[in-house]
Every structure is written in structure tokens, then in C-alpha cells.
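S.K.: sharing a model prediction with you, sequence too.
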Amino acid sequence: MYLSGQSVTANDLIRQNSCYSAIVRTMKMDKFELDDLHCHPWHQLIFPYTGLLQTQVEDKKFLVPHTTAIFVPAGVAHESLALTDTHFMGIYINPVFFCDVETKISPIFVSEFIKLLFIEIEANFSSDKYDNNVQKNLVSVLLDQIEASKVTNFKLLVPKDKRIKQIFDCYCVDPSIPYTLDDWSNRVGATKRTLTRLFAKEFGTSFSLWRQHLRLVTSLTLLETNYSIQDVAITIGYKNDSSYIRAFKARFGITPLSFRSSSSNTVLYQR
């Protein structure tokens with residue numbers, strides 16, 4: 001699983017470098033490999049430079065593609081599942097040096113400048129001439145950039161109601177299911193009116209908009225494969241690629257092809 005410090009866990013690395021302002025670990029996870037529920041005494045920034053992670057915190061699942069990082073505050077229990085073969089880095093930030101850090105989990109958009117900061121922070125940590133003041137300054141700039149960064153929308157809430165959970169689980173297996181809310185009403189034992197109310201309560205949106213969001217988020221995994229854009233669209237339930245492309249761009253501000261291209265152009269830490 002690990003590229004740097006292969007037999008050393010993140011918390012071991014933290015204990016060994018407790019006077020550092022930040023440390024870095026690069027890792028590899030095979031498809032469907034699970035990093036079980038755990039937490040760290042330091043804040044963590046998770047960034048997959050190739051592949052796709054799903055990080056779960058309580059009732060929230062965050063999809064973390066290569067355009068995104070996720071900030072996990074110190075002490076917050078989380079687990080991560082690799083949805084594809086994934087290389088990622090974890091930046092662990094010492095709260096002793098940074099007292100004003102956000103205390104809730106935050107997905108962020110990774111700009112080119114933030115990527116460059118990742119490179120510099122990793123290079124300084126790996127250097128024989130590690131400089132803690134330099135690292136502290138780099139991380140300070142990174143945290144400022146994170147605060148200013150727009151929040152991404154690759155989040156799926158895990159529903160609490162068992163009837164909605166049935167629907168959620170089915171779409172996670174096959175997002176192309178064409179059922180209407182009337183169809184689901186017959187299958188889960190609740191009226192259409194009840195399901196409409198539950199979707200509004202659980203997700204703050206309608207069934208159709210929720211399903212569209214789930215399909216688009218699910219498509220991120222397929223975009224990491226050799227599927228054509230048309231095949232991705234059909235697999236998640238769209239009748240053609242043009243309607244999928246419009247919906248994807250409206251939701252994420254980028255076309256599926258541009259998203260895929262940004263992955264192939266990523267050259268961070270290819271070693």
C-alpha cells in the first residue's frame with residue numbers, strides 16, 4: 001500500500017517527527033482496497049494524484065478524484081476505499097503550529113498553485129536539509145489557499161431511513177436503474193408522497209435531482225477507465241452522451257473529457 005515509509009503507518013511517522021510542522025506520506029492502494037476506520041492526532045489533507053478515492057466520515061461519503069483534495073481535522077474518524085487503482089499523498093499538519101485550522105471535514109478544489117504547494121511541501125519533507133520554518137511557511141500558504149478555494153460537490157450522503165437506504169444501495173450498484181418514484185414506492189413499501197418527503201428531509205432535494213447527482217458522481221469512477229464518454233453515459237443511465245456532457249458540466253463546471261484529460265496530464269510523484 002505504501003510508497004514512502006512502506007512499513008510505517010501515518011501515526012508512527014507522526015510520533016517519529018512530532019516536532020515537525022508537517023509531514024508527507026505517499027501511498028498506493030489497489031482497486032477496492034479499504035483503509036479501515038481510523039483517525040490521526042494531526043490534521044490530514046488527502047490528495048489522489050491518480051485514481052479515485054471514496055472517504056467516509058459518519059453518514060457522509062466523499063468522492064475524491066484527482067481534481068480534489070479532502071481536509072480531515074485531527075481526531076476525526078474516517079475510512080477510505082480505492083474505487084480504482086490509486087496513488088495519493090497525505091499531508092499531515094501539526095495542530096501545535098496551526099491553531100486556527102477549520103475543524104470540519106472539507107472537500108476542496110485543487111488549483112495548479114495548490115498542486116505546486118504540494119510538490120514543495122513533499123520535496124522539503126523528503127530533503128536531507130529539511131527546514132521546519134520553510135515547511136511551516138509553505139503550509140500556512142496552503143491553508144490560506146484551501147480557505148479561499150471553492151468547495152467541490154463530490155459528496156454523497158448515506159441516508160438514515162431504511163427505505164431510502166434501499167434505493168441508495170441499488171443505485172450504487174447500478175446507477176442506470178430507470179425506476180420512477182412510483183416504481184420504488186411499490187418496492188420499498190412506502191407511498192410516493194412519503195418517499196418525496198423523505199428525499200427532501202434526507203438530502204434537501206427531489207428524487208430526480210438526487211439521482212442525477214448520484215449518477216454524475218458515480219461516473220467519475222468510469223472516467224478513470226478506458227470507457228468512451230458515450231459508454232460512460234449509457235452505463236449510468238443517460239440515453240446519449242450529449243445529455244450526460246451537459247449535466248456533468250452544469251454540475252462540476254468542466255466537461256467529462258476535460259476531467260479525464262486533467263488526469264492524464266497529472267505528473268505529480270510518478271515514481
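M.R.: Ah, there it is.
S.K.: any regions of this structure where pLDDT drops low?
M.R.: Within the chain, the segments meeting pLDDT under 70 span 1-7, 150-154, 263-271.
S.K.: the spatially most central residue of it and residue 262, how far apart?
M.R.: Central residue of the chain (CA atoms, centre = their mean): residue 64, 1.8 Å from the mean position. Distance, residue 64 to residue 262, using CB to CB, to the nearest Å: 14 Å. The C-beta positions use only the backbone N, C-alpha and C, and glycine is treated the same way.
S.K.: repeat for residue 129
M.R.: Using CB to CB, one obtains 33 Å as the distance from residue 129 to residue 262.
S.K.: which one's more surrounded, these two?
M.R.: When residue 129 and residue 262 are compared on other CB atoms under 10 Å, the one with more neighbours turns out to be residue 262, at 14 against 6.
S.K.: check contacts around the closest residue to the more buried one other than its chain neighbours.
M.R.: Counting by CB to CB, 6 or more residues apart in numbering, residue 262 lies nearest to residue 67, which is 6.1 Å off, once chain neighbours are set aside. Neighbour list for residue 67: 109-110, 152, 254, 259, 262 [criterion: CB atoms under 8 Å, 6 or more residues apart in numbering].
S.K.: pick the one among those residues closest to residue 88.
M.R.: Distances from those to residue 88 were compared by CB to CB; the smallest belongs to residue 110, at 11.8 Å.
S.K.: number of nearby residues for the nearest residue to the closest one once chain neighbours are set aside?
M.R.: In space, residue 110 comes closest to residue 69 once its chain neighbours are excluded; the distance is 5.2 Å by CB to CB, 6+ apart. Applying the criterion other CB under 10 Å, we find 27 residues in the vicinity of residue 69.
S.K.: quick one, strands of this structure?
M.R.: Listed from the start of the chain, the chain has strands (DSSP state E) covering 22-29, 34-38, 43-50, 53-57, 60-64, 68-72, 78-82, 86-93, 106-109, 155-157.
S.K.: could you give the angle of the fifth one to strand 78-82?
M.R.: Comparing the axes of strand 60-64 and strand 78-82 via axes from the mean of the first three to the mean of the last three CA atoms, to 10 degrees yields an angle of 40 degrees.
S.K.: quick one: strand 60-64 to strand 86-93, angle?
M.R.: Going by the same axes, to 10 degrees, strand 60-64 makes 110 degrees with strand 86-93.
S.K.: what angle do strand 60-64 and strand 68-72 make?
M.R.: The directions of strand 60-64 and strand 68-72 differ by 140 degrees, with the same axes, to 10 degrees as the criterion.
S.K.: now strand 60-64: buried residues?
M.R.: Burial within strand 60-64, assessed by neighbour count using 16 or more other CB atoms under 10 Å, is assigned to 61-64.
S.K.: swap in stretch 130-148?
M.R.: Using 16+ other CB under 10 Å as the test for burial, stretch 130-148 gives 135-136, 138-139, 142-143, 146.
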